[in-house]
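J.: the sequence and its predicted three-dimensional model are supplied below.
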Amino acid sequence: MVKQVAGAGKPKRAMKPGKPKNTEHIDLTTNSPFYEREEDTEEAILREARDRATYGISYWQEQWDAWTSDLAAIDGSGQWAATEQAKRVDEDRPMLIINTFDQYIAQVLGDGLQNRPSIQVIPGDSESQGAMVDATDGVSNFSMAEVYEGLIRNAEYENGAEHHYDTALQHAIETGMGWLRVGTAYGKGITFDQDLKFSAVRNRWSVIADPDAMEPDFSDQNWGFIFHERSRAEFDKRWPDKGADGFAELGDSGKWWANNDTVKIAEYFERIPTVRRLLQLTDMRVIWEDEIWGIMDELQKEGITVRRYRNIETHVVYRRLITGVSILETKKRWVGSTIPIIPVAGKRLDFADKRIYRGLIHNAKDAKMAENFFLSAAVERIGLAPLAPWLVTAEQIEGYEKFWDNANKTNTPYLPFKHMGEGYPVPSRVLPPPMPVAEVQMAAVFTDKVKAAIGMYDASVGNRSNETSGRAILARQRESDVSSFVFMDNLSKAIRRLGIIACEVIPKIYDSERIVRLRNKDGSTAFVPINKTVVDEQTGKHVIINDMQHAKFDVVVKTGPSYTTQRMEAVEALLEFVRVVPAAGAVILDKIALNMDWPGADDIAKRLVKLIPPQFLSEKEKKDAGIAELQPTPEQQLAMQTNEAMMARATADIEMAKAKGLEAQAKMAELAAATTGPDAAMIETIRDLIAEGLAEVMAAANAQPPRPAPNAPAATA
């Protein structure tokens, strides 16, 4: 049940301790130490959810108001104080809005779009490097880390993740906070296979994260909400048995959850501490006991038992769909161990009791209001100059009123008047007000203050400034990039967190035998089989190859230009390389064409690759280009056969000569052993003759083989 801490507004839950077994042998049919809190009643669950929402709203409301004010300033509608704006509207006075905030937002956002973070998966230990996974094309292969990375990249492509990353980054730049989320969804078509899903939360005010989370990325938050507002009519149509009549009983808090027109629906995430038992089976698999609970009998029949185990304190995450007075969807377990809501923060200030998040222009709003005020004052004074009145007497313009009534409104060619005689002055205009120098100077001062508050000066947004050299302009641009780099850095950290969650989730949803699509950095795709079950020929048992479960990976994020930009830079570098080393052009022409960004470049590259000598191409490149092994012409085949015959005959002659030499050596040894006395001189003479003959035979054996016939292809080993 829920225990309420007095004055804290933060409900605490009581947990009963687990009772792990300490026996050396574990019977897989006994109860697991995995436990959860006993399920509360629906009313208790909703009461706790409302308490948490109220606590979260009290924490985030101040920031929500600041975000609304910042966004209004960026839009332009919030660049005047409300009281001054109302006063000027009533008096029909100028109220200029010189909105320069948008160009600063666009500049920082554009830097992010040009240098997108990308997830890279690396092995977390030596065992995770593993064997290579063969693709279905029979040529390509990938490490398991590349399989994980390719799956994440393919999920990004399928979900249009670039748009979601851009949305979250824009929210962070504008107001100080954007949100990303990770989920799963069933694949297209009739299937039970699930895939990763990445998205941004469009309404940044709809997320309530646990204020007690200590980690900057909120990875340790114990609860969180994502709210969606629906009309009463839509709500009643979809959930007719979940009437929204009970909100009145909640008092003032009920008005926040619903009104006469709308109802708030919340995705309610809850992270609960628990104990899970980690098993190492005799087939060396490491797996959670509760994940194989349903197949324990089958494992025992196959002779698979527990080699060792340990109990681990961890967390499980559940998601419900609720309103303030009813549960629309019962709890579903999220496959990860953390709540999959990821903040993309702006500039953060840490106070003793809370964290404050601010966007790019928050500190420049007052300077912008002052700039608008003084520019409006200057325009107002200058605008009144043509309306300077005339000094005349009534008698002087009597009868000519129709000319004088519009003297300040139209360009009249003449103004008639009565001459009253000597001593009377002619009509004259009152001097117009002087140029409003003070107002213009103050407006210029606050224009500079806006730039200083944001940390971006004229050179940063492409305007002409007092920097004259290219080096000085680049230095000022780098200075402004440093001041706004926090936004890109926080996006990279958020995407890294997304990659960590994805690596944790992948083995849970890609747990069946299937063929998955990987997406490479260049946008090309490959298909690989995973979790494939085969029979071991030696043991006769079923084994799993390309098992997604047995791996540990780390995630890093690399930030740089998009792949299209890298291709353009690669073309320039390759052309410069060919200019310096002309001989290299013959073997990299296809790569140059492949990286060019114009219609038909791929086709040209496929043609050029056929001009490259085959020894410089890989087997995959030969297969893709349709290059077959070269077959010799009939003339070359005849020459090869002639050479082979000559080589065979020469080899036979050499072998015969060697045999005769061995025979002669044997005869010499026999004569030397059988002959003594006066015949020794004769034997010595015979030995010399045999030695000379043997020398001739060895010379023939060591002679060079016959020269190949002309037009014959070179022999290969």
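T.: Cool, got the structure.
J.: let me see the contact set for E156.
T.: 119, 162, 198, 519 (C-beta atoms under 8 Å, 6 or more residues apart in numbering). No exception for glycine: its C-beta is placed from N, CA and C like everyone else's.
J.: report the buried members of those residues.
T.: 119, 198, 519 (16 or more other C-beta atoms under 10 Å).
J.: from the residues you listed, which single one is nearest K667?
T.: Ranked by distance to K667 (C-beta to C-beta), those are led by R519 at 78.8 Å.
J.: what sits opposite that closest one in the beta ladder?
T.: Beta-bridge pairing for R519 (DSSP bridges): T525.
J.: list the contacts of it.
T.: Residues in contact with R519 (C-beta under 8 Å, 6+ apart) are 150, 153-154, 156-157, 525.
J.: recalculate using a threshold of 7 Å.
T.: The contact partners of R519, by C-beta atoms under 7 Å, 6 or more residues apart in numbering, come to 150, 153-154, 157, 525.
J.: of all the residues you listed, which comes closest to I342?
T.: Closest to I342, out of all of the contacts of R519 and judged by C-beta to C-beta, is R153, at 17.9 Å.
J.: ok, the closest one - contacts?
T.: Residues near R153 by C-beta under 7 Å, 6+ apart: R519.
J.: looking at the contacts of E156, which one is closest to D241?
T.: Using C-beta to C-beta, the contacts of E156 come closest to D241 at F198, 33.6 Å.
J.: quick one, helices of the stretch 551-700 of the chain?
T.: 563-580, 585-595, 601-608, 619-625, 634-674, 680-701 (DSSP state H, counting those that start in this stretch).
J.: quick one on the thing from earlier: dump the buried ones among the contacts of E156 to a markdown table, plus pLDDT and distance to S206.
T.: Converted to a markdown table, the buried ones among the contacts of E156 look like this (pLDDT from 0 to 100; distance: C-beta to C-beta, whole Å):
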| residue | pLDDT | distance to S206 |
| --- | --- | --- |
| I119 | 92 | 26 |
| F198 | 95 | 18 |
| R519 | 91 | 31 |
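J.: the helices of the stretch 551-700 of the chain: lowest mean pLDDT?
T.: The minimum mean pLDDT among these belongs to helix 680-701 (a mean of 64).
J.: can I get the contacts of E156 in CSV including distance to K301 and secondary structure?
T.: CSV is the format used below for the contacts of E156 (distance: C-beta to C-beta, whole Å; DSSP: H, G, I helix; E, B strand; the rest coil):
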residue, distance to K301, secondary structure
I119, 41, strand
E162, 49, helix
F198, 41, strand
R519, 41, strand
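J.: between these, which is nearest G112?
T.: Out of these, the member with the shortest distance to G112 (by C-beta to C-beta) is E162, at 10.9 Å.
J.: surely R320 forms part of a strand?
T.: Yes: assessed with DSSP: H, G, I helix; E, B strand; the rest coil, R320 lies in a strand.
J.: neighbours of it, how many?
T.: 18 (other C-beta atoms under 10 Å).
J.: for it, give me its contacts.
T.: If you count contacts by C-beta under 7 Å, 6+ apart, then R320 has 268, 327, 329-331 around it.
J.: now flag whichever of these is closest to L360.
T.: For the contacts of R320, the nearest to L360 is Y268 (32.4 Å; C-beta to C-beta).
J.: next one: the host helix or strand of V482 to chain centre, how far?
T.: V482 is part of helix 470-509 when elements are defined by DSSP states H and E. Helix 470-509 sits 10 Å away from the centroid of its parent chain (C-alpha atoms, centre = their mean, to the nearest Å).
J.: could you chop this structure up by domain?
T.: Listed domain ranges for the chain are 562-630, 646-701 (source: automatic domain parsing).
J.: before we move on, back to that, could I get the buried ones among the contacts of E156 as a markdown table with distance to T68?
T.: Formatted as a markdown table, the buried ones among the contacts of E156 follow (distance: C-beta to C-beta, whole Å):
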| residue | distance to T68 |
| --- | --- |
| I119 | 33 |
| F198 | 27 |
| R519 | 39 |
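J.: which of those residues lies closest to E42?
T.: For these, the nearest to E42 is F198 (32.2 Å; C-beta to C-beta).
J.: from Y165, how far off is that closest one?
T.: Distance from F198 to Y165, counting by C-beta to C-beta, to the nearest Å: 8 Å.
J.: hmm, back to that, which of the contacts of R320 ranks first by neighbour count?
T.: Neighbour-wise, the contacts of R320 (other C-beta under 10 Å) top out at Y268, 25 neighbours.
J.: enumerate every residue touching that residue.
T.: So Y268 contacts 49, 225, 320, 322 (C-beta under 7 Å, 6+ apart).
J.: try 8 Å
T.: If you count contacts by C-beta under 8 Å, 6+ apart, Y268 has them with 49, 223, 225, 319-322.
J.: ok, back up a step: closest to V609 out of the contacts of E156?
T.: R519 (23.0 Å).
J.: so how far is I119 from the closest one?
T.: Distance of R519 to I119, computed by C-beta to C-beta: 12 Å.
J.: now K532
T.: On the measure of C-beta to C-beta, K532 and I119 end up 26 Å apart.
J.: same check, this time on M95
T.: According to C-beta to C-beta, M95 and I119 sit 48 Å apart.
J.: likewise R319?
T.: With C-beta to C-beta as the criterion, R319 and I119 are 24 Å apart.
J.: next: K610.
T.: According to C-beta to C-beta, K610 and I119 sit 36 Å apart.
J.: OK, contacts around I292?
T.: Counted by C-beta under 8 Å, 6+ apart, I292 has contacts 279, 299.
J.: what about it, distance to E313?
T.: Using C-beta to C-beta, we find I292 at a distance of 20 Å from E313.
J.: low-scoring stretches of the stretch 151-300 of the chain, by residue?
T.: 243-245 (pLDDT under 70).
J.: now do the strands in it.
T.: Secondary structure of the stretch 151-300 of the chain (DSSP state E, counting those that start in this stretch): strands at 177-186, 194-200, 207-209, 223-231, 262-281, 286-288.
J.: ramachandran angles for V450?
T.: The phi/psi pair for V450 (degrees, to the nearest 10) reads phi -60, psi -50.
J.: just give me the closest of the contacts of E156 to T642.
T.: Once C-beta to C-beta is applied, the member of the contacts of E156 that ends up nearest T642 is R519, at 54.5 Å.
J.: for the most centrally placed residue in the chain, which non-adjacent residue is closest in space?
T.: Taking C-alpha atoms, centre = their mean as the criterion, S118 is the residue nearest the geometric centre of the chain, at 4.2 Å. The shortest distance from S118 to any non-neighbouring residue, by C-beta to C-beta, 6 or more residues apart in numbering, is to K558 (5.4 Å).
J.: counting neighbours, what do you get for that neighbour?
T.: 10.
J.: which ones are touching it?
T.: Taking C-beta under 8 Å, 6+ apart as the test, what K558 contacts is 117-118, 120.
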